[in-house]
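[1] pasting the structure only:
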DNA sequence: CTGGTCACCTGGAAGC
DNA sequence: TGCTTCCAGGTGACCA
């Protein structure tokens, strides 16, 4: 599921718990991608001060009852995770409902069938630690300029698709939004990143920003697993121009959309209007 | 450093 | 119907 838009949709849905104090927590599966901390012992009595997003991570800042920083959860949804908000008491847990965080009258519940997600706990500055310290710039950051983006693309010999996925030049594009952004910008995913002209890089950055923003507004993309915090599906899949449309006609030029494999992962593109 | 491979898990769809 | 195989939105460890 979850690329940047889905994580942002999730964050906005979970905002309802900010300012509230944890009254209980349950960890039913002690291991996702990494061991899950003992939240039932750590969190009760702490107040959720803020909930931020960086790339595809959620950053949960907790304070103690004196208002002093008490620790931070850095969580990731992996391939199949989603959070759901329930009024307390939440219904009986279903399959793959691994973690509950109870904030009095609301319960936040993590479901993750494939368990590729993660929940880490740190008492340090999470932005100074892995994994957050290694991330490239946020797509909506004003500090990310077309020129800076182009310069980052010059530093690698990888294809533009691999480079976007790696998140070194800009974070947030996973497999779906990579294909969509490159299609919108008219650039083949197999092009080497360093071959993009300044004009092409600027166009690509513009399209990445537009598509991610539209996907957030649509509630994200639901292919299989993802659901919004209110249980609804995301609708951006309806707006995908090329992703998952191998053999269909390109909406711009009518040629057939093809699927290629790069580093073991599918890319979809139109050989007619992407150069 | 960089690129390539594989592992982590479950489940849905397609093929036979 | 039932079994097998392939594929899936993401990371990160390991190896050449």
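    Cool, got the structure. The model shown is predicted, which means the values in this text are computed figures rather than measured ones. Residues are numbered from 1 along each chain as shown, chains lettered A, B, ... in the order given.
[2] all contacts plus neighbour counts: C-alpha atoms, from now on.
    Will do.
[3] DNA strand C contacts on chain A?
    With C-alpha under 7 Å from any atom of the strand as the criterion, chain A meets DNA strand C at residues A:1-3, A:33, A:55-57, A:78-80, A:116, A:131, A:165, A:173-176, A:221-226, A:264-266.
[4] these in strands, which ones?
    Judged by DSSP state E, the residues of chain A next to DNA strand C include A:57, A:265-266 as members of strands.
[5] name the helix or strand for the nearest residue to residue A:40 once chain neighbours are set aside, please.
    Excluding the flanking residues, the one nearest residue A:40 by C-alpha to C-alpha, 6 or more residues apart in numbering is residue A:25, at 4.5 Å. Using DSSP states H and E, residue A:25 maps to strand A:24-27.
[6] any idea how far the following helix or strand past that strand is from the chain center?
    Next helix or strand after strand A:24-27 toward the C-terminus (DSSP H and E): helix A:39-42. Remark: helix A:39-42 is offset 26 Å from the chain centroid, using C-alpha atoms, centre = their mean, to the nearest Å.
[7] for helix A:39-42, packing partners?
    Secondary-structure packing of helix A:39-42 (3 or more C-alpha pairs under 8 Å, 6 or more residues apart in numbering; DSSP states H and E): strand A:24-27.
[8] how about residue A:199, secondary structure?
    helix (DSSP: H, G, I helix; E, B strand; the rest coil).
[9] how many residues are close by it?
    11 (other C-alpha atoms under 10 Å).
[10] for it, what are its contacts?
    By C-alpha atoms under 8 Å, 6 or more residues apart in numbering, no residues touch residue A:199.
[11] buried ones among the residues of chain A next to DNA strand C?
    Neighbour-count burial within the residues of chain A next to DNA strand C applies to A:1-3, A:55-57, A:78-80, A:116, A:165, A:173-176, A:221-222, A:225-226, A:266; the criterion is 16 or more other C-alpha atoms under 10 Å.
[12] out of these, which are inside helices?
    A:165, A:175-176 (DSSP state H).
[13] out of those, which comes closest to DNA strand B?
    Minimum distance to DNA strand B across those is 11.3 Å, recorded for residue A:165 (C-alpha to the nearest atom of the strand).
[14] that closest one reaches residue A:178, doesn't it?
    Yes. Between residue A:165 and residue A:178 there is a contact at 7.1 Å, judged by C-alpha atoms under 8 Å.
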